[in-house]
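Asker: With the sequence up front, the predicted model follows.
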Amino acid sequence: MTATAVTARSWRSARWQQYHRFPMSLDGRTIDGLATTGRLLVRSGIEIGRTLEAMLQDGDLVTAVWHQGERLFLSRLLRLDPVQEWFALACDAVPQANDALLASASVTFTCNHRGAHYNFVATSPAAIEVDGALALRFAFPLALYAHQRRASPRVQPPPRIPLRCEISWGPLTLDAEVVDVSLDGIGTIVYGSDVQLAIGSKLERVTIVHPDRPPVVVDLEVRYSVRFAGRDGTPSMRSGCRFLGAPHDLRDLIRLFVTELDANPQANKNQGEQP
């Protein structure tokens, strides 16, 4: 296996932590609390990053099966970059297990974390070096599924939900997508690379087109802006923002990215729950 060296946390990760270190709350609840009281589908990239970071800090065991489900891959998280959206796992002591995961298009991982059982699917495996040791890097999962027991029904997670929004910034009118909203109202918008929203800007009366209700009007405070290439390679801008608006509007947006599966049986059916 060839490897790409990674020797320290990137400045992007430090910036992410600086702007997203806030108490998580949706009616006073947290991801860990929600996960241990029912079933939870998390599609917020910010909350996924926070959960993976907590697994890393706790030293939780991460597992996967290989060889047609007959053998177990055992590992722990070594590093993650929430902005570039990748994480690295320590190699298994069995070289064949590492080779099997690297040869897979996607891998389903499981982790018991703070009283809840998590499942997530990761793609784009690659061999890298972390602090001089060989490791396995994967792209961030599009979703985390958390539940109390292994025997819970399976859920097919849909992709992240893009929400179109209209931004007026000085003389400019900008079309963007809201691609993430966390429990504490921190979110991410993506837009064309020909404009860069300045850090500290306050964008007033941003209209977000909600799929199931009238448009939501919020104010945004820009926390950071970075250039990146989308999954299709298109150059784009990504800005992290704090969403400011009416509490019921924010709750409706958050629930598109952090879904309590037991709260609405009909919605669960629509999201692909399988027996």
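Answerer: Yep, that arrived.

Asker: hey, what's Thr259 bridged with?
Answerer: Thr259 forms beta bridges with Leu41, as assigned by DSSP bridges.

Asker: Number of residues surrounding Val42?
Answerer: Per other C-beta atoms under 10 Å, the neighbour tally for Val42 reads 26. (Glycine included, C-beta is placed from N, CA and C.)

Asker: same question, Pro214
Answerer: 8.

Asker: so where do the helices sit in the stretch 101-250 of the chain?
Answerer: For the stretch 101-250 of the chain, the helices defined by DSSP state H, counting those that start in this stretch cover 247-254.

Asker: So which residues of it form strands?
Answerer: 106-113, 116-123, 126-130, 133-139, 144-147, 154-155, 163-169, 172-181, 186-192, 202-208, 216-229, 235-244 (DSSP state E, counting those that start in this stretch).

Asker: Poorly predicted segments of the protein, please.
Answerer: Judged by pLDDT under 70, the chain has its weakly predicted residues at 1-38, 149-162, 231, 261-275.

Asker: swap the cut-off to 80 and go again
Answerer: Counting by pLDDT under 80, the low-confidence segments of the chain come to 1-38, 67-70, 148-162, 210-213, 230-232, 259-275.

Asker: Could you report the distance from the spatially most central residue of the chain to Glu260?
Answerer: Centroid-nearest residue in the chain: Gly45, 2.1 Å away (criterion: C-alpha atoms, centre = their mean). Separation of Gly45 from Glu260 (C-beta to C-beta, to the nearest Å): 18 Å.

Asker: mind checking the SS state of Glu53?
Answerer: Counting by DSSP: H, G, I helix; E, B strand; the rest coil, the backbone at Glu53 sits in helix.

Asker: Now for it: which residues touch it?
Answerer: For Glu53, the contact set (C-beta atoms under 8 Å, 6 or more residues apart in numbering) comprises Leu80, Pro82.

Asker: what's the answer for Gly245, then?
Answerer: Shown in contact with Gly245 (C-beta under 8 Å, 6+ apart): Val216, Val217, Val218, Asp219.

Asker: go again using 10 Å as the cut-off
Answerer: Going by C-beta atoms under 10 Å, 6 or more residues apart in numbering, Gly245 touches Gly185, Arg205, Val206, Ile208, Val216, Val217, Val218, Asp219, Leu220, Leu253.

Asker: which residue sits closest to Glu166 in space, ignoring its chain neighbours?
Answerer: In space, and not counting its chain neighbours, Glu166 is closest to Thr207: 4.6 Å by C-beta to C-beta, 6 or more residues apart in numbering.

Asker: So what pairs up with that neighbour in the strands?
Answerer: As for beta bridges, Thr207 partners with Glu166, Val217 under DSSP bridges.

Asker: follow-up on the earlier one: which among the contacts of Gly245 count as buried?
Answerer: Taking 16 or more other C-beta atoms under 10 Å as the criterion, what is buried in the contacts of Gly245 is Gly185, Val206, Ile208, Val216, Val218, Leu220, Leu253.

Asker: check contacts around the second one.
Answerer: In other words, Val206. Going by C-beta under 10 Å, 6+ apart, Val206 touches 165-169, 174, 176, 178, 189, 215-220, 241, 243-245.

Asker: which residues touch Ala88?
Answerer: 6, 56, 75, 77-81, 126-130, 133, 135-138.
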